[in-house]
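# Whatever this is, show me its structure:
(2 chains)
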Amino acid sequence: MNAVKTFSRGGVHPEENKFSSRKSIREIPLPLQAIIPLGQNLGAPAKPIVKKGDIVKVGQLIGQGEAFISSNIHSPYSGFVTKIDDVLDASGYRRPAIFIQVDGDVWEETIDRSETLETEIKLNRKAIIDRIKSSGIVGLGGATFPTHVKLIIPEEKKVEALLINAVECEPYLTCDEALMLSKGEEIFVGIKILMKAVDTQRAVIGIERNKPEVIEYFDTIAKKYPEIEVQPLKVKYPQGGEKQLIKAVVNKEVPSGKLPLEVGCVVINVGSAFAVYEAVQKNKPLIDRIVTVTGKSIAEPSNFKVRFGVPTQTLIEAVGGLPHDSAKIISGGPMMGKAIASPEIPIVKGSSGVLVMKETESHRKTEQNCIRCAKCTVVCPMGLEPYLLSKVSKLEKYDMAETENILDCMECGSCVYTCPAKIPLLDYIRTGKFKVSQIIRSRN
Amino acid sequence: MNDNDVLILIYSILTLGGLGLVSSVILYFVAQKFKVYEDPLVNEINETLPQANCGGCGYAGCNNFAEACVKSANEHKSISGFFCPVGGNDLMKQVAEILSFTVEDQKPMIAVVRCNGSHTNVPAKSHYEGISKCLFANNLFAGEGACPNGCLGLGDCVVSCAFDAITINTETGLPEVTDACVACGACVKACPRAIIELRPKGPKGKRIYVSCVNTEKGAVAAKNCSVSCIGCQKCFKECPHGAIEMKNNLAYIDGEKCKLCRKCVEVCPKASILEINFAPRKPKVTTVENNC
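The predicted model follows:
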């Protein structure tokens, strides 16, 4: 086993609360009606290519991603399209979605549904990337950046290492752990495929030390794959941030505003690596994922294999229903997730978890004056000054926010977590980021 | 006092006096060299302006406005397009007099809040505890009442108003504009949802407007709000003056074309068209037809 590594600057260690750890993956029955939002990825939403009344099969393409940063959407169900209409997203704003009346479970014939492990990679480099693109695979860690875009390497660049992000540093979430324990062999084949796609001889899987079973299991599999290393990492948030993982594993710093490729790295989430295996070896597009449903008062925190389009409500019912003392439902983890405006909101590609918060823990504390303790600056993993960024955003001094590199903020929330004055620093910074990127766009 | 002391006194007076003399000569030449000519008219106009520095005229402040007026008068021989909303027509007449021009009267305007989503009309579906500013809340979520276009009620407009003309009504949770409004437009810029609009004040303050900016489909809009415009086009068809246009499931009344006949208010099924400062209507005489 390799020595434990971590990133050098900042970071916090929130209570882990991984209640659903080491639990096997459960499945839920198919819903009667499903809502498939068209904008499930970072970037441009997909264009619907089905219309009302169309009959669809599981795995059929229903939304075409046309822009460069966009991804395809496939139907996770068989049935017919009842309407294409707007639906609430997590923030309460309405976005277009396809409504499917579920009828039976008829799959596309081209999809191999067997459980046998396919280790032989038949496709060539270009065909792999094309398959990943057409399967609509995005980063399943939560940011939902289309995976195929990361794999297109410019001529002059060389990938030295492919990093697999299996860190899962968010408290509460265990979806990656559950996937790794049940689909280890498949994930390694997925990594081999990705290595072929980016043409590299080295891959490193970064795993936080709080998952010893996974590290042990992966170490045994890694004996068969000498070019894939398993790297245990210190339990520290945000270890799973792209730039933090690169710093921890290869000890290189990605320059401000640049992509990981600048230092010869490509970082792919472990869930995406499994999706790549399914897409390339089994011809199965991305139609499901593992979702952790958890919370301190939840009767039975579990990991589910869920097809997209199921309402969040259904998952909460499957773990024993919404407890009486709950006041907030978060899509994602407690650090980076978003409180959702309604339990009707469907599970999408980016939903890594559903976290139910108790009344007592869901309220914000009153904002007080900054006491200049500089704790936020100490914990910021990007080396920014959150107190300053929040102040300039508040005063609408966006030019200064830009020169202070506000766009480097990855919204990990370490500053808010640590602030003794309970200042909602990230809310200020997020608005500042939004405004600054608007200004930058208007310049071109 | 001995001689030495007297000498010290004389030397000090001579040194300081000499220094002062030399400095004044230098200062005189410097002042001549870097002299800036300022039109006395600028100062004269500036003195008539309200000195609110609100920016309602579109310039950085009152002095800036005065400079721009004089510049335009010298270069284009006209000051059309310049208007100080705080001083209004009277002030613009004074300014024109100073510059020996005439100006046309402009209709007085007022800021209008085009949302009636009060606590009772739009029941809250979620609870927001974040930063109490519309700018930040708008970035985070659609609003407690789930209307993505409606008023967030956190009062960015109140903060922006330099004339204390907007207050939040605690009962409804909506901003209210008083007659102190000078239509400087600061609140229009401050509102992240573009709800506030400058409209003609109307004769005796009478005005009619659609109090909704929701662009969702009728059924969706009606789900969240009992007084939302549902885009039914009844007012559009009813208006005899062609003052109403339909766009994005939303009716908009052109304040210039509206003749204040109030027919649209009567036909609106959702009561989303508001009439302000009208005398109360006479109760309708209901005729009961006997068909027996």
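
# Beta-bridge partners for B:Ala251, please?
B:Met246 (DSSP bridges).

# and the stretch 301-444 of chain A, which residues reach chain B?
A:Ala339, A:Ala341, A:Ser342, A:His363, A:Arg364, A:Glu367, A:Pro424, A:Asp427, A:Tyr428, A:Arg430, A:Thr431, A:Phe434 (Cβ under 8 Å from any Cβ of the partner chain). Any C-beta I mention is one placed from the backbone N, CA and C, and that applies to glycine too.

# Contacts only, for B:Ile244.
B:Cys235, B:Phe236, B:Ala251, B:Tyr252, B:Ile253, B:Asp254, B:Cys264 (Cβ atoms under 8 Å, 6 or more residues apart in numbering or on different chains).

# Once you drop chain neighbours, what's closest to it?
Leaving aside its sequence neighbours, B:Ile244 sits nearest to B:Phe236 (Cβ to Cβ, 6 or more residues apart in numbering or on different chains; 4.8 Å).

# you'd agree that neighbour is in a strand?
No - remark: B:Phe236 does not belong to a strand; assigned using DSSP: H, G, I helix; E, B strand; the rest coil, it is helix.

# Where does the stretch 51-200 of chain A get nearest to chain B, residue-wise?
Closest residue of the stretch 51-200 of chain A to chain B, Cβ to the nearest Cβ: A:Gly92 (3.2 Å).

# Kindly tell me how buried B:Asp90 is, as a neighbour count.
9 (other Cβ atoms under 10 Å in any protein chain shown).

# Secondary structure element for it, which one?
helix B:88-98 (DSSP states H and E).

# Name every strand pairing with the helix or strand just after that helix and say which way it goes.
Using DSSP H and E, the helix or strand that follows helix B:88-98 in sequence is strand B:109-113. The pairing partners recorded for strand B:109-113 under DSSP bridges are strand B:196-200 (antiparallel).

# how about the residues of the stretch 301-444 of chain A next to chain B in CSV, adding pLDDT and distance to A:Ser390?
Formatted as CSV, these follow (pLDDT from 0 to 100; distance: Cβ to Cβ, whole Å):
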residue, pLDDT, distance to A:Ser390
A:Ala339, 89, 20
A:Ala341, 84, 24
A:Ser342, 86, 29
A:His363, 89, 21
A:Arg364, 88, 15
A:Glu367, 90, 11
A:Pro424, 93, 8
A:Asp427, 92, 8
A:Tyr428, 94, 4
A:Arg430, 92, 10
A:Thr431, 92, 10
A:Phe434, 92, 14
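
# Enumerate every residue touching A:Ala248.
When contacts are counted by Cβ under 8 Å, 6+ apart, A:Ala248 touches A:Lys5, A:Thr6, A:Phe7, A:Gly206, A:Gln231, A:Leu233, A:Gln239.

# re earlier: mind listing which of the residues of the stretch 301-444 of chain A next to chain B are in helices?
A:Asp427, A:Tyr428, A:Arg430, A:Thr431, A:Phe434 (DSSP state H).

# residues contacting A:Met180?
Counting by Cβ under 8 Å, 6+ apart, the residues that A:Met180 touches are A:Ala166, A:Ile187, A:Ile207, A:Lys211, A:Val214, A:Tyr217, A:Phe218, A:Val270.
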